[in-house]
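Novice: Quick check, what structure comes out for this input:
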Amino acid sequence: MQRIGFIGIGLMGHHMARHLLDAGHPLTIWNRSEEKAQDLLVSGAGWADSPKMVARSSDIVITMVTDSIASEQVACGSDGVLEGAREGLILIDMGSIAPEMSRSIAARAREKGVWMLDAPVTGAPKVAKAGKLGIMVGGPMKTFEICLPIFEVMAAKIVYVGDQNGMGTTLKLINNLILGVAIEAVSEAMVLSAKVGIDPQKVIDITSVGGARTGAMETRGPRMIRRDFAPGFSTDNMYKDLSSAIKLADESGVSLPATSASWDILRAAKSRGHGALDSCCVMTVLEYLAQTEVNATKEN
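Specialist: Residues are numbered from 1 along each chain as shown. As a prediction, this is how the structure comes out:
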């Protein structure tokens, strides 16, 4: 069994690390807060005092941290993975970071004889818990083939995007572009139905069939009605990803009008102090503008 290091025991990373541990991989972990990893440690995972020390005891190191800055720090910073890496180590960045940062980290890794894959995921924490994530992978094919059994422990769908680093993170931006716009569309439908006197639950019911059926309605619609904005995919993270998608589109000469509108509403939600809430809280911005509130008590 390959020795795996896991850095970032958050909402997603905790479940992912658990699957690897349960599959029998020797696992060494590091997180900024050790207490979040206590149950994994009790189950047999080892603790390292830094990302550098994780690398020293691992064949493959996975990072699952918040953003580009955090990924760069744990990989390339003082006491980072590359400081403890030996030639032949594999680094897998599974966070949602900018494609240019993936390429930058990969270039610095190659200088150390380390191979890197960017392998961001799609799916909420409950999907991670079920081991049914989607994973998008960019990087050398041979490295991908070595790591495929590891991905299969955590995922129901694995898409190899191409042999260039940054391709996985680019596909993740495109995936989240669709999700961000879809959540905005669901929010608009919910607020409009409430304003005109239709129970928003009826919108969920009718869109469960036909061409308007979306995962965003099925997963976020009921939460909107319950006003459950506990973070699955936070407003801050969705804003970050749509910002990166818009930047990529600008560099590529592509217009993203619907994405830009969704990004603007996310910015408004952030300005109201809702950055840590799930991105479906954009509904509250639209409620404020419409001077209405979504609930499940109104009848047609």
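
Novice: Which element is encountered next along the chain beyond the helix or strand hosting residue 146?
Specialist: For residue 146, the element it lies in under DSSP states H and E is helix 141-154. Going down the chain from helix 141-154, the next helix or strand is strand 155-162, by DSSP H and E.

Novice: Break down the protein into its strands, ranges please.
Specialist: 4-7, 27-30, 46-47, 60-63, 90-93, 115-118, 121-122, 133-138, 155-162 (DSSP state E).

Novice: Can you tell me which of the ones you listed is most buried?
Specialist: Comparing the strands of the chain by mean neighbour count (mean count of other C-beta atoms under 10 Å), strand 4-7 comes out on top with a mean of 30. Placement of C-beta: from N, CA and C, glycine included.

Novice: For residue 200, see how far away residue 169 is.
Specialist: Using C-beta to C-beta, to the nearest Å, residue 169 is found at 35 Å from residue 200.

Novice: Pick out whichever of the two has more residues nearby.
Specialist: Ranked by neighbour count (other C-beta atoms under 10 Å), residue 169 and residue 200 place residue 169 first, with 29 against 24.

Novice: which residues touch that one?
Specialist: Contact analysis of residue 169 by C-beta atoms under 8 Å, 6 or more residues apart in numbering lists 96, 97, 98, 99, 101, 102, 118, 120, 136, 138.

Novice: Could I get the pLDDT score of it?
Specialist: At residue 169, the model reports a pLDDT of 96.

Novice: cool, and residue 65?
Specialist: Reported pLDDT for residue 65: 95.

Novice: Ok, which of the strands of the chain comes nearest residue 223?
Specialist: strand 121-122 (17.7 Å; C-beta to C-beta).

Novice: Any regions of the chain where pLDDT drops low?
Specialist: Low-confidence regions of the chain, defined by pLDDT under 70, span residues 296-300.

Novice: Let me see the domain layout of it.
Specialist: 4-164, 170-290 (automatic domain parsing).

Novice: Now residue 117: closest residue in space that isn't a chain neighbour?
Specialist: Leaving aside its sequence neighbours, residue 117 sits nearest to residue 139 (C-beta to C-beta, 6 or more residues apart in numbering; 3.8 Å).

Novice: same deal with residue 173?
Specialist: Distances taken as C-beta to C-beta, 6+ apart put residue 245 closest to residue 173, at 4.4 Å, once the chain neighbours are dropped.

Novice: Return the residues in contact with that neighbour.
Specialist: Contact analysis of residue 245 by C-beta under 8 Å, 6+ apart lists 173, 174, 176, 177, 256, 259.

Novice: What about those, which one has the most neighbours?
Specialist: residue 173 (25 neighbours).

Novice: Contact partners for that residue?
Specialist: So residue 173 contacts 99, 241, 244, 245, 248 (C-beta under 8 Å, 6+ apart).

Novice: do that again at 10 Å, thanks
Specialist: Shown in contact with residue 173 (C-beta atoms under 10 Å, 6 or more residues apart in numbering): 96-99, 120, 136, 240-249, 259.

Novice: out of those, which are buried?
Specialist: When neighbours are counted using 16 or more other C-beta atoms under 10 Å, those contain these buried positions: 96-99, 120, 136, 240-246, 248-249, 259.

Novice: Now flag whichever of the residues you listed is closest to residue 265.
Specialist: The closest of the buried ones among the contacts of residue 173, once distances to residue 265 are taken by C-beta to C-beta, is residue 242, at 10.1 Å.

Novice: distance of the nearest residue in space to the closest one that is not next to it in sequence from residue 16?
Specialist: Among residues not flanking residue 242 along the chain, residue 263 sits closest, at 4.4 Å (C-beta to C-beta, 6+ apart). Computed as C-beta to C-beta, the residue 263 to residue 16 distance reads 28 Å.

Novice: Specify which residue of these two has the higher count of neighbours.
Specialist: Legend: neighbour count by other C-beta under 10 Å for residue 263 and residue 16, higher for residue 16 (26 against 22).

Novice: That one contacts residue 120, doesn't it?
Specialist: No - counting by C-beta atoms under 10 Å, residue 16 sits too far from residue 120 to count as a contact (12.0 Å).

Novice: Common neighbours of the two, please.
Specialist: Joint contacts of residue 16 and residue 120 (C-beta under 10 Å, 6+ apart) are 64, 94, 133, 135.
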